[in-house]
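[1] no sequence on this one, just coordinates:
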């Protein structure tokens, strides 16, 4: 049964991309908010 | 400023290590035979869920102590932990359905675990909205503390929901009595991912805390009396 493993790699890629975007986006948001607060 | 820089540094390290976890997941962790590659979402979904729940527990504990001591540092920490917990909750609620679709055949079902996690997210959102809606800092901190304690009380129900109402969501395979039901290489990858998510939590909370403190100082200096941000 060589093809017994389900072919659903696209779902994994989508989840990993979305998680990275959320984490990176929040890190960027913290950076921008801090920069705005420090602006005279 | 030193705290802000430390938080940025920790978050930067976490982002770099996240890339390492991705490489390990994709190249050095075996594919689970029955679920295929979609099972690898587990390495993101579960650590994010653990920190989404832990963040709310920490909000609740800080809130309890705040109500006794009125220490503004605890209120600031609770606000920071709630915001970061919301981010982790968003990850849980996006990666979960993406995992569920190929395995269960549906993006969403009103299973007890899923519904309670959605409720946790709504509690987080309500907590943040409450903080932005109340102007007086002392009143805001008191109201938010009460809501934070309510949120903490929900967390054990999320964990126990799969035992009380077993439907689609699987039973825990790591946070359960007895040894984790995972092969060694999968468990190692999961532990690395949990470590990275822990770093993210610490780095983000430290930054968010420093940001709140900075804003309060600037508002105090400007004579605004700490109005607005939380």
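    Nice, thanks for sending it over. Remember, predicted model here, so these are calculated numbers, not experimental data. Numbers count the residues shown, from 1 in each chain, chains lettered A, B, ... in the order given.
[2] quick one, what contacts residue 11?
    Picking chain A for this. B:37-38, B:41, B:98-99, B:101-102 (C-beta atoms under 8 Å, 6 or more residues apart in numbering or on different chains). Using the backbone N, CA and C atoms, a C-beta is placed for each residue, glycine as well.
[3] meant chain B actually
    Taking C-beta under 8 Å, 6+ apart, one finds A:27, A:30, B:199-200, B:203-204, B:207 in contact with residue B:11.
[4] for chain A, what are the nearby residues on chain B?
    Within chain B, the positions lying close to chain A (C-beta under 8 Å from any C-beta of the partner chain) are B:4, B:7-8, B:11-12, B:15, B:18, B:22, B:25, B:31, B:33-38, B:40-41, B:44-45, B:48, B:84, B:87, B:90-91, B:94-95, B:98-99, B:101-102, B:200, B:204, B:207-208, B:210-211, B:214-215, B:218.
[5] how deep is residue 39 tucked in, by neighbour count?
    Because you didn't say which chain, this covers chain A. Using other C-beta atoms under 10 Å in any protein chain shown, residue A:39 is surrounded by 6 other residues.
[6] Oops, wrong one, chain B.
    Residue B:39 has 23 nearby residues by other C-beta under 10 Å.
[7] Would you mind confirming that it is in contact with residue B:29?
    No - contact between residue B:39 and residue B:29 fails when scored by C-beta atoms under 8 Å: they sit 9.7 Å apart.
[8] Point me to the helix or strand that includes the residue nearest the centre of chain A.
    Among the residues of chain A, the one closest to the centroid is residue A:20, at 1.8 Å (C-alpha atoms, centre = their mean). Under the criterion of DSSP states H and E, residue A:20 resides in helix A:9-38.
[9] List the buried residues of that helix.
    The neighbour-count check on helix A:9-38 (16 or more other C-beta atoms under 10 Å in any protein chain shown) flags A:11-12, A:14-16, A:18-20, A:22-23, A:26-27, A:30, A:33-34, A:37 as buried.
[10] what comes into contact with stretch B:16-26?
    Contact with stretch B:16-26 is made by A:16, A:20, A:23, B:40, B:43, B:189, B:192-193, B:195-196, B:199-200, as judged by C-beta under 8 Å, 6+ apart.
[11] Relative to chain A, how far out is residue B:163?
    26 Å (C-beta to the nearest C-beta, to the nearest Å).
[12] Name the nearest residue to that residue, ignoring sequence neighbours.
    Excluding its sequence neighbours, the residue lying closest to residue B:163 (C-beta to C-beta, 6 or more residues apart in numbering or on different chains) is residue B:171, at 7.4 Å.
[13] Name all residues that make contact with residue 38.
    By default, I'm working from chain A. residue B:214.
[14] actually it's chain B I care about, not the one you picked
    Counting by C-beta under 8 Å, 6+ apart, residue B:38 touches A:6, A:8-9, A:11-12, B:98-99, B:102-103.
[15] how about the residues of chain A near chain B?
    When proximity is defined by C-beta under 8 Å from any C-beta, chain A lies next to chain B at A:4-9, A:11-12, A:14-16, A:18-20, A:22-24, A:26-27, A:30-31, A:33-34, A:37-38.
[16] switch to 6 Å and redo it
    Taking C-beta under 6 Å from any C-beta of the partner chain as the criterion, the neighbours of chain B within chain A are A:5-6, A:8-9, A:11-12, A:14-15, A:18-19, A:22, A:26-27, A:30, A:33-34, A:37.
[17] Out of the contacts of residue B:38, which is nearest to residue B:114?
    residue B:99 (11.5 Å; C-beta to C-beta).
[18] what's around that closest one, how many residues?
    23.
[19] residues contacting it?
    Going by C-beta atoms under 6 Å, 6 or more residues apart in numbering or on different chains, residue B:99 touches B:38, B:41.
[20] Need the contact partners of stretch B:193-213.
    Here stretch B:193-213 has contacts from A:30, A:33-34, B:3-4, B:6-7, B:10-11, B:14, B:17-18, B:21, B:43, B:47, B:51, B:76, B:80-81, B:83-84, using C-beta under 6 Å, 6+ apart.
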